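In: Sequence first, predicted model second:
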Amino acid sequence: MKKILSSLVIVLVLVINLQAQKYFSKTGEISFHSSTPIEDIEAISNSASTVFDLESGKIQWSVLIKSFEFEKALMQEHFNENYMESSKYPKGFFKGMIKDHENIDLTKDGSYTAQVNGTLEIHGKSKQIENTAIFMVENGLISATCDFKIFVADFDIEIPSVVKQNIAKELEIKIKTNYELLDKS
């Protein structure tokens, strides 16, 4: 009986320690797509930072606006200088919560769907958003994906009338990353 109690205490301590762990990535991928009859525009950043705490459910993302790369250099220049004003607003942020985070078991292989809600800040403007994220565990490796849409107007991003037909009012955003355990030592 004493061995069973000791084993149970050890298992509980391990479970509590696992739940208190934080996960991070400095190589998160964020891409966006604008589609109009005139032109498709895509950009990608592979240097977004993210961290989440499974115990509390808190999650954060940050990306340098200038890290987005376009197929055409002129698009990238216009994006940074004219639309996003990346010298004035250098980063985009998301700060939120993973709903039902206690149902995500990162010790077992599987796919875990969760609602994520919080504040998205782009171009100095904030908007509450809620989306579905998928956390996947495979052979101990943790990844996450989330797809959603935003309206350019919600973030006061002005598009000159001469190119309004080229840029969609609503952008498709795709996020994905591979998480690592944040080592506290």
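Out: Structure received.
In: what's the helix or strand for Thr119?
Out: strand 110-122 (DSSP states H and E).
In: Contacts for the helix or strand in which Met97 is found, please.
Out: Using DSSP H and E, Met97 falls within strand 91-98. Identification of contacts with strand 91-98 by C-beta atoms under 8 Å, 6 or more residues apart in numbering yields 52, 54, 57-65, 104, 114-122, 129, 133. (Each C-beta comes from the backbone N, C-alpha and C, glycine too.)
In: Tell me which helix or strand comes right after the helix or strand bottoming out on mean pLDDT in the chain.
Out: One helix or strand of the chain scores below all others by mean pLDDT, DSSP states H and E: helix 2-19, with a mean of 43. Using DSSP H and E, the next helix or strand after helix 2-19 towards the C-terminus is strand 22-35.
In: Sheet-wise, list the partners of that next one with their directions.
Out: Strand 22-35 has the following sheet partners, assigned by DSSP bridges: strand 40-53 (antiparallel), strand 170-181 (antiparallel).
In: In TSV: these, plus mean pLDDT.
Out: Below are the strands paired with strand 22-35 laid out as TSV (pLDDT from 0 to 100):
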stretch	mean pLDDT
strand 40-53	96
strand 170-181	96
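In: Those into a markdown table, with extra columns for distance to Pro160?
Out: A markdown table is the format used below for the strands paired with strand 22-35 (distance: least, C-beta to C-beta, whole Å):
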| stretch | distance to Pro160 |
| --- | --- |
| strand 40-53 | 15 |
| strand 170-181 | 17 |
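In: Serialize the ones you listed to CSV and add fields for distance to Phe94 and mean neighbour count.
Out: Shown next, in CSV, are those (distance: least, C-beta to C-beta, whole Å; neighbours: other C-beta atoms under 10 Å):
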stretch, distance to Phe94, mean neighbour count
strand 40-53, 8, 18
strand 170-181, 9, 17
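In: Ser161: which of these is closest?
Out: strand 40-53 (17.1 Å; C-beta to C-beta).
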